[in-house]
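Chemist: My questions concern the predicted model and sequence given below.
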Amino acid sequence: MITIQEIKTLLERFFQPVELVGKGDAIITGPAKIEDAGPGQVSFVANEKYYRFLGEARASLLIVHTDAPVGEGAEERSFLKVKDPYTAFVFVLQKFAGERLLAAPGVAASARVAPTARIGRNVSLGDHVVVGERCIIGDGTVIGPNTVLMHDVTVGSGCVLYPQVTCYDGTELGDRVIVHSGTVIGADGFGFAPQKDGSYIKIPQMGTVQIGDDVEIGANTTIDRATMGKTVVCKGAKIDNLVQIAHNCRIGEDTVIASQAGISGSVKIGRQCLIGGQAGFAGHLEIADRTSVAAKAGISKSFTEPGIAIRGVPAQSMRDQLRLEAQIRGLGAMKAKIDDLEAQLNALLQERAS
């Protein structure tokens, strides 16, 4: 539990100014969605579309934008006005979030740690964790049950690996990396040389995977090792569940990739890009910094101009794609008009012929 004034003090570490409208001595017991929040809870409104909820909400505290139209708080409700209510609410969530117990402190009796592995201070290894030869695990890292680190894996400090993560040999994870359950990092890239008889010869995948600091990887995602060199996910990238990143790709800093996106081999995606769900990338493409890719887009060529938005199959600029979609929606009316003109022309020709 925390008072509204204490929440205000917390937010003032990140935002200036933070304006309190209403009373600051009320006790807040936890966060909730605005439609569900009741007395003693805190919620937020970040979008003007939801300002209509301001008068209806039952939460004791609402975090809103500086320009939100709020008067004096009702007897049972107060407001904190900040420039970025969405991020402010994230800090409040962090305050109330409880820690997940993935593994008890220390090394579980059922864990298997190779004698050549180096384990840092305050590391937790859960039941049936396997740590291979010459692995290095940094200070304060927590590894959940049934996770496997094959040989020569490096995991930085402050990382969290949830249960049943697999890191193949040579994988490198930076500091504060979070990897969710079922994810496989460093499996072989999809490389096969076609033969004249229709068969295939497997191409040895001799490279590794490098994951930068502060990366988060969702559940059941796969990041393949490079054929040679490294597949790289740069610092701060956030990858959703069920994403496929193929061999020799490079994902830029602070890029976000949503669920079920598929990125073929040797694709280079720039910094601060936004990749929508189920987007698909052909191989050997380059995507510039700050590119926004809409869901289900099919990217078949490189886009080297920074900061543009693309969508469609094949993907093109958002403006061109929206114009094309508008034209497609008008095809029915266009066909009816053409049929009418054709009928008029036929009638005219018959009249002249008679």
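Modeler: Perfect, I can see it now. Residues are numbered from 1 along each chain as shown.
Chemist: how far away is the closest residue to S292 other than its chain neighbours from A261?
Modeler: Sequence neighbours aside, A309 is the residue nearest to S292 in space, at 4.2 Å (criterion: C-beta to C-beta, 6 or more residues apart in numbering). Where C-beta positions appear, they are placed from N, C-alpha and C, glycine not excepted. As judged by C-beta to C-beta, to the nearest Å, A309 and A261 stand 16 Å apart.
Chemist: List the buried residues for the lengthiest helix in the chain?
Modeler: Determined from DSSP state H, the single longest helix within the chain is helix 331-353. Within helix 331-353, not a single residue qualifies as buried, counting by 16 or more other C-beta atoms under 10 Å.
Chemist: Please save the CA atoms from that helix in PDB.
Modeler: Taking Å, rounded to 0.1, in the frame of the first residue of the first chain, the C-alpha atoms of helix 331-353 are listed here in PDB:
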ATOM      1  CA  LEU A 331     -13.600  -1.900 -58.500                       C
ATOM      2  CA  GLY A 332     -17.200  -3.100 -58.000                       C
ATOM      3  CA  ALA A 333     -18.700   0.400 -58.800                       C
ATOM      4  CA  MET A 334     -16.200   0.800 -61.700                       C
ATOM      5  CA  LYS A 335     -17.300  -2.500 -63.200                       C
ATOM      6  CA  ALA A 336     -21.000  -1.600 -62.900                       C
ATOM      7  CA  LYS A 337     -20.200   1.700 -64.700                       C
ATOM      8  CA  ILE A 338     -18.300  -0.100 -67.400                       C
ATOM      9  CA  ASP A 339     -21.100  -2.600 -67.900                       C
ATOM     10  CA  ASP A 340     -23.600   0.300 -68.200                       C
ATOM     11  CA  LEU A 341     -21.400   2.100 -70.700                       C
ATOM     12  CA  GLU A 342     -21.000  -1.100 -72.700                       C
ATOM     13  CA  ALA A 343     -24.800  -1.600 -72.800                       C
ATOM     14  CA  GLN A 344     -25.300   1.900 -74.000                       C
ATOM     15  CA  LEU A 345     -22.600   1.500 -76.700                       C
ATOM     16  CA  ASN A 346     -24.200  -1.800 -77.900                       C
ATOM     17  CA  ALA A 347     -27.600  -0.100 -78.000                       C
ATOM     18  CA  LEU A 348     -26.200   2.800 -80.000                       C
ATOM     19  CA  LEU A 349     -24.500   0.400 -82.500                       C
ATOM     20  CA  GLN A 350     -27.700  -1.600 -83.000                       C
ATOM     21  CA  GLU A 351     -29.600   1.700 -83.600                       C
ATOM     22  CA  ARG A 352     -27.100   2.800 -86.200                       C
ATOM     23  CA  ALA A 353     -27.100  -0.700 -87.800                       C
END
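Chemist: Figure out how far that helix is from the centre of its chain.
Modeler: 53 Å (C-alpha atoms, centre = their mean, to the nearest Å).
Chemist: list the contacts for I143?
Modeler: Counting by C-beta atoms under 8 Å, 6 or more residues apart in numbering, I143 touches 102-103, 123-126, 129, 137, 149, 155, 159, 161, 165.
Chemist: follow-up on the earlier one: separation between the residue nearest to S292 and A46?
Modeler: 21 Å.
Chemist: just G229 next, same as before
Modeler: 42 Å.
Chemist: Please identify which of these two sits among more neighbours.
Modeler: Of the pair G229 and A46, A46 is the one with more neighbours under other C-beta atoms under 10 Å, namely 17 against 13.
Chemist: which residues touch that one?
Modeler: Contacts of A46 (C-beta under 8 Å, 6+ apart): 64-65, 84-86, 89.
Chemist: Just the buried residues of stretch 149-168, please?
Modeler: 149-150, 152-168.
Chemist: hey, which helix or strand in this protein has the poorest pLDDT?
Modeler: Ranked by mean pLDDT, DSSP states H and E, the weakest helix or strand in the chain is helix 318-329, scoring a mean of 84.
Chemist: Please spell out which residues along it are buried.
Modeler: 318, 321.
Chemist: which residues are contacting that helix?
Modeler: Helix 318-329 is contacted from outside by 292, 294, 308-312, 315-316, using C-beta under 8 Å, 6+ apart.
Chemist: Where does the nearest residue to G38 once chain neighbours are set aside sit: helix, strand or coil?
Modeler: Excluding its sequence neighbours, the residue lying closest to G38 (C-beta to C-beta, 6+ apart) is R58, at 5.0 Å. Assigned by DSSP: H, G, I helix; E, B strand; the rest coil, the conformation of R58 is coil.
Chemist: Next up, the contacts around R58.
Modeler: Taking C-beta under 8 Å, 6+ apart as the definition, contacts of R58 comprise 37-39, 77.
Chemist: go with 7 Å
Modeler: Each residue near R58 by C-beta atoms under 7 Å, 6 or more residues apart in numbering is listed here: 37-39.
Chemist: Which one of those residues is nearest to G236?
Modeler: For the contacts of R58, the closest approach to G236 (C-beta to C-beta) belongs to A37, at 31.3 Å.
Chemist: That closest one looks like it's in a helix, true?
Modeler: No. Counting by three-state DSSP, A37 is not found in a helix; it is coil.
Chemist: Please list the members of the contacts of helix 318-329 that lie in helices.
Modeler: Going by DSSP H, the helices hold none of those.
Chemist: Pipe the residues you listed into JSON lines and attach distance to E133 and neighbour count per row.
Modeler: Below are those laid out as JSON lines (distance: C-beta to C-beta, whole Å; neighbours: other C-beta atoms under 10 Å):
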{"residue": "S292", "distance to E133": "43", "neighbour count": "17"}
{"residue": "A294", "distance to E133": "45", "neighbour count": "18"}
{"residue": "I308", "distance to E133": "47", "neighbour count": "17"}
{"residue": "A309", "distance to E133": "47", "neighbour count": "17"}
{"residue": "I310", "distance to E133": "45", "neighbour count": "22"}
{"residue": "R311", "distance to E133": "47", "neighbour count": "23"}
{"residue": "G312", "distance to E133": "49", "neighbour count": "18"}
{"residue": "A315", "distance to E133": "44", "neighbour count": "24"}
{"residue": "Q316", "distance to E133": "50", "neighbour count": "20"}
